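Trainee: sequence and computational prediction follow.
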Amino acid sequence: MRNAVDLCPHHALWFAILATVFAAPFPLSAQEDGKAAAGQPEQPAAEGKKRQGRLVRIGLPVTAGDDARIRTQIERTIEPLADQNPRHVLVLEFYTKRNAEQGAEEAHAQASEFGPAYELAKYLSELSRVQKIAYIPQRATGHAVLVAMACDEIHMAPDAVIGEAGVAEEGVVDAVRRSGYTVIFERRRTIPLAIALGMLDRELVVYRVETDAGREFVLGENLEAERQKKLFKGDPTVLIQRGQLGRFTGAEGRNLGFVKFLPRSREHLATELELPADALEEDPSFGDAWRTVLIPLDGAINHTRVSKAIRGIESEIASRDVNFVCVRIESGGGDSGQSERLANYLAELDPGRIRTVAYISGKARADAALVALACDHVVMRSGEDVVLGGEPEYEIGDNEIARIRESVRASLAPAKGRNWSLVAALIDPEIEIYRYTRQGERDTLVEFFSPEEAAERAKRDGQQWTQGELIKPAGTPFELTAERAKELHLVNHVVEDFNQFKAAYNITDDLAEPRSNWALDLVEALAHPGLAWLLLAIGFGAMYIELHTPGLGVAGFISGLCFLLYFWGQFLTGTAEWLEVLLFVGGVLCVLLELLVLPGFGIFGFGGAVMILASLVLASQTFVVPHSAYEVSEFRDSLMVVGLGIAGCLAIAFALRTVLPKTPLFGSVAVLPPEGEAAIAQRQREAIVDLGFLVGQQGTLTTPCTPAGIARFDDELIHVVSDGEFIARGAAVTVVEAHGNRVVVRSAETA
C-alpha cells in the first residue's frame with residue numbers, strides 16, 4: 001500500500017502550514033553552543049526518587065505499519081512510569097532487521113519510507129512524558145535519521161553511522177520531505193538543520209564557519225547572507241560537498257556537537273544516563289505474563305538435538321506466540337558446528353518479541369557455552385559442579401576453533417553486546433584475557449577482553465584502555481564458576497535452584513517443554529538410530545527378495561518404501577540433502593545395469609555398491625570427512641547403523657534360503673533348487689540341449705538385442721546374445737556360435 005504522503009498533493013500545503021505554526025523564521029544554520037543541540041534540561045530528581053529507564057528497539061527499515069506498531073509498543077512500555085518527577089528515560093535503540101541478506105544489511109537499513117518515518121518522528125517529538133534517547137550502536141541511515149532527530153539526545157557507538165537520509169530519493173528532493181525535516185528540527189533541534197538537510201539533499205552544500213558566536217553550520221545558498229550578518233573568523237570549510245549526502249560516524253557527530261555520548265554497549269549507556277546496569281533491557285511481555293517454553297539441552301550436542309530444539313521453538317512461537325525461551329543447559333559440548341548453528345539461531349530471534357534466557361544447571365563447557373552466551377540473559381546455578389567453559393568433552397580441532405572465533409567476532413558477540421574475545425576465550429585456550437579500565441564521562445568503565453580487542457578499539461574509536469591484571473593466561477582452558485562468571489559480566493544472575501530462577505523473572509507457572517504433535521513425533525521416530533537400521537534391514541532384505549523373484553512385486557514396493565522413509569527422516573532432521581539421494585539412485589541403477597545388462601561383476605557393480613553405502617552413511621551425518629573427535633564418534637555411529645542394516649539383510653536372506661523353507665508354513669510354497677542326484681540329473685538334461693545346428697543360419701530379431709534378445713528361426717523363437725554390439729529389433733542376424741543352449745549372433749550385415 002502506498003503512503004498517503006506520496007499520493008495526495010495537499011500534503012505539501014499541509015506541511016507548509018505545519019511548519020509555519022511550529023516554526024518562527026530562522027536562518028539555516030546552527031551554533032555549537034547548544035542552541036541547535038539537545039532538548040530541554042532535566043529537572044532535578046525529587047527527594048528519594050530515582051528515575052527509571054526503558055528500552056524499545058526500532059527495526060530498520062521503518063515501513064508501512066511500523067510507525068503504529070512502534071507507537072503502541074512505546075505506550076505500553078512507558079505506561080507504568082506515571083510519576084514524571086524525576087523525568088524517566090526512554091531509550092530507542094536502532095537496529096537492522098534480520099531479514100536482510102548476508103552482506104546487504106546497510107542497503108536494507110536505508111530503505112525506510114518517508115511517510116511512516118515522519119509519522120513516528122512527529123509522535124516522538126510530541127511525547128514529553130519521558131526523556132527520549134536515540135541509541136545507535138550500528139547505523140541509522142535513510143529516513144531513519146528523521147526518527148533520531150525527534151529524540152532529545154543522540155548517543156552513538158564511536159564507529160556507528162548516521163546520515164544519507166535521501167539515499168533512496170531520485171532527482172530533486174521535493175518540498176514535502178524538506179518541510180518534514182524542518183518541522184522535526186524546529187521541535188527538537190537535535191541535529192543542526194543545515195546538516196540534516198545536507199543528509200537529505202545531495203544538491204546542497206553545507207559549510208562549517210567560525211563566528212563570534214561560535215561554530216555554525218550554513219547552507220551554501222545562505223552563505224553570503226550569513227556573511228553579511230556575522231563576522232566570520234577565517235574561511236568557511238566545506239562539511240558536505242555537492243553531489244554527496246552527509247554521513248557521519250558517532251565520533252564525528254560528537255565533534256560536531258549533535259552526538260552527546262559514545263557508549264559501546266547498553267551497559268555503558270546506562271552508566272552515562274545514571275541508570276541501573278539492567279535498566280535498558282527489553283520486556284517482550286510488556287508487563288503481561290510470560291508465555292514460556294523450556295528447551296532442554298542435555299548431553300552431547302548433535303544435529304538431532306539442535307534440530308529438535310529449533311523445531312520446538314518455532315512450533316511454540318507459531319502456536320502460542322511464546323515470548324520467553326529458557327534453554328536449560330547441562331552439556332560438555334559436542335558437535336561444534338551444530339552448537340554454532342543453534343547459537344546463531346538464538347541470537348537472531350528478535351529480542352523485542354522474545355527473550356531468550358540460558359539456565360546453566362550443570363556444566364556448559366566449550367561450545368555449549370557458545371549456546372548459552374547467544375541468549376539475551378545467562379543464569380547459572382551456584383555450586384562447585386556448575387561451570388561455564390573449560391575443557392571440552394570432545395576435542396575441537398584448530399580449524400574449527402578458528403572458524404568459531406571469527407563467527408563470534410563478526411556476528412555473535414556484537415549481536416548480544418558482548419566482548420568477542422571474552423566469549424571466544426571459552427573455546428580458544430590460546431586467547432589471553434586482561435582487566436581493562438577507561439575513564440568514562442562520569443565513572444570508570446571496567447571491561448575484560450584480550451590485547452587484540454583492546455588494540456582494535458583504540459584503532460577504531462581512539463579510546464585508550466588501561467591494561468590491568470591478567471585474568472586468563474594463554475594455553476589454559478577458561479573454566480568459570482557462577483560467581484566468577486558474574487564478576488566478568490558474562491552472567492546476569494546466580495540462583496540457588498530453578499525455583500529461584502523462576503522468581504527472578506516473575507514466572508509463576510511451570511515451564512513446559514514444547515508440546516508434542518504427530519509431526520514432531522514422526523520426525524523424531526524416523527531419526528532414531530534403532531528405526532533407521534531396521535528400515536535399512538527391511539529395505540535391503542526386500543530388495544534381495546525382489547531380485548530373486550520374477551517381475552516387480554510386493555517386495556520391490558516394500559523396499560522402495562523403506563528407503564523412502566529412511567531418507568525422508570534424514571531430510572526432516574537436516575542431515576540429508578539431494579546429493580545423498582542422487583548417490584543412492586545412481587548406485588541402484590549401476591547395480592541393476594551390472595546384473596541385467598553387463599554380465600559379470602565389474603566396475604558398475606562395485607561402484608554402485610560403494611555409492612549406495614556412501615549415500616546411506618552421509619545421509620545420517622552433516623559432514624563428509626570427520627575432522628574432530630565428535631565427528632569421528634558420529635561417523636562411527638553412522639557406520640554402525642548401516643552395518644546393522646546390512647547384517648539384518650543378511651539375516652533375512654539366510655532365513656529365506658535355509659530356515660523358512662523347512663518350516664511347515666513356508667515349506668509348502670517355497671520352490672527350492674534340486675539337490676544331490678536330482679541336481680545331477682537336471683544338469684544332464686540341460687546338457688542334451690544342443691543348438692549347434694543353428695550355426696550359419698539367419699533369423700530375424702523379434703526384440704532388440706542389448707546384448708540379450710530373442711530371434712525367430714523359421715517357426716522357432718530362440719534366446720540369443722550378441723557379442724557386445726547393439727542390434728535393433730527386426731534386424732537380420734546370423735548365428736556365429738552355439739554352445740549348448742547359448743546362441744551367439746551377429747548382424748547379418750557384418751557377419
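Mentor: Here it is on my side, so go on.

Trainee: what is the mean pLDDT for the lengthiest helix in the chain?
Mentor: Secondary structure assigned by DSSP state H gives helix 629-654 as the longest helix of the chain. Confidence over helix 629-654 (mean pLDDT, whole number) is 76.

Trainee: distance from it to the middle of the chain?
Mentor: Averaged C-alpha coordinates place helix 629-654 at 32 Å from its chain's average position (Cα atoms, centre = their mean, to the nearest Å).

Trainee: ok, and for it, which residues are buried?
Mentor: Judged by neighbour count (16 or more other Cβ atoms under 10 Å), helix 629-654 contains these buried residues: 630-631, 633-635, 638, 641-642, 644-645, 648-649, 652. For every residue, glycine as well, the C-beta is placed using N, CA and C.

Trainee: tabulate the residues you listed (a markdown table), appending distance to residue 280.
Mentor: Formatted as a markdown table, the entries for these read as follows, by distance: Cβ to Cβ, whole Å:
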| residue | distance to residue 280 |
| --- | --- |
| 630 | 38 |
| 631 | 41 |
| 633 | 43 |
| 634 | 42 |
| 635 | 46 |
| 638 | 47 |
| 641 | 50 |
| 642 | 53 |
| 644 | 55 |
| 645 | 56 |
| 648 | 59 |
| 649 | 62 |
| 652 | 65 |
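
Trainee: returning to what we had before: and the longest helix of the chain, what does it pack onto?
Mentor: Contact analysis of helix 629-654 by 3 or more Cβ pairs under 8 Å, 6 or more residues apart in numbering; DSSP states H and E lists helix 529-547, helix 603-618 as its packing neighbours.

Trainee: now mean pLDDT too, for these, in CSV please.
Mentor: Listed next are the helices and strands packed on helix 629-654 as CSV, based on pLDDT from 0 to 100:
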stretch, mean pLDDT
helix 529-547, 77
helix 603-618, 82
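
Trainee: quick one: which of these is nearest residue 690?
Mentor: With Cβ to Cβ, the closest approach to residue 690 among these belongs to helix 529-547: 30.7 Å.

Trainee: quick one: classify residue 186 as helix, strand or coil.
Mentor: Secondary structure assignment for residue 186 (DSSP: H, G, I helix; E, B strand; the rest coil): helix.

Trainee: next one: stretch 156-174 to chain centre, how far?
Mentor: Computed by Cα atoms, centre = their mean, the chain-centroid distance of stretch 156-174 equals 28 Å.

Trainee: residues of that stretch that come out buried?
Mentor: Neighbour counts over stretch 156-174 (16+ other Cβ under 10 Å) mark 156-169, 173 as buried.

Trainee: how about the nearest residue to residue 204, chain neighbours excluded?
Mentor: Among residues not flanking residue 204 along the chain, residue 198 sits closest, at 5.3 Å (Cβ to Cβ, 6 or more residues apart in numbering).

Trainee: surely the one you found meets residue 243?
Mentor: No - between residue 198 and residue 243 there is no contact, the gap being 11.4 Å when judged by Cβ atoms under 8 Å.

Trainee: on that earlier part again, shouldn't the residue nearest to residue 204 be within a helix?
Mentor: Yes - per three-state DSSP, residue 198 lies within a helix segment.

Trainee: and it, what does it touch?
Mentor: Contacts were defined as Cβ atoms under 8 Å, 6 or more residues apart in numbering; by that measure residue 198 touches 204-206, 219, 239-240, 245-246.

Trainee: hmm, try it at 6 Å
Mentor: Applying Cβ atoms under 6 Å, 6 or more residues apart in numbering to residue 198 gives the contacts 204, 206, 240, 246.

Trainee: tell me what the strand or helix carrying residue 145 is packed against?
Mentor: Secondary-structure assignment from DSSP states H and E places residue 145 in helix 144-149. Counting contacts by 3 or more Cβ pairs under 6 Å, 6 or more residues apart in numbering; DSSP states H and E, the secondary-structure elements packed against helix 144-149 are helix 114-126.
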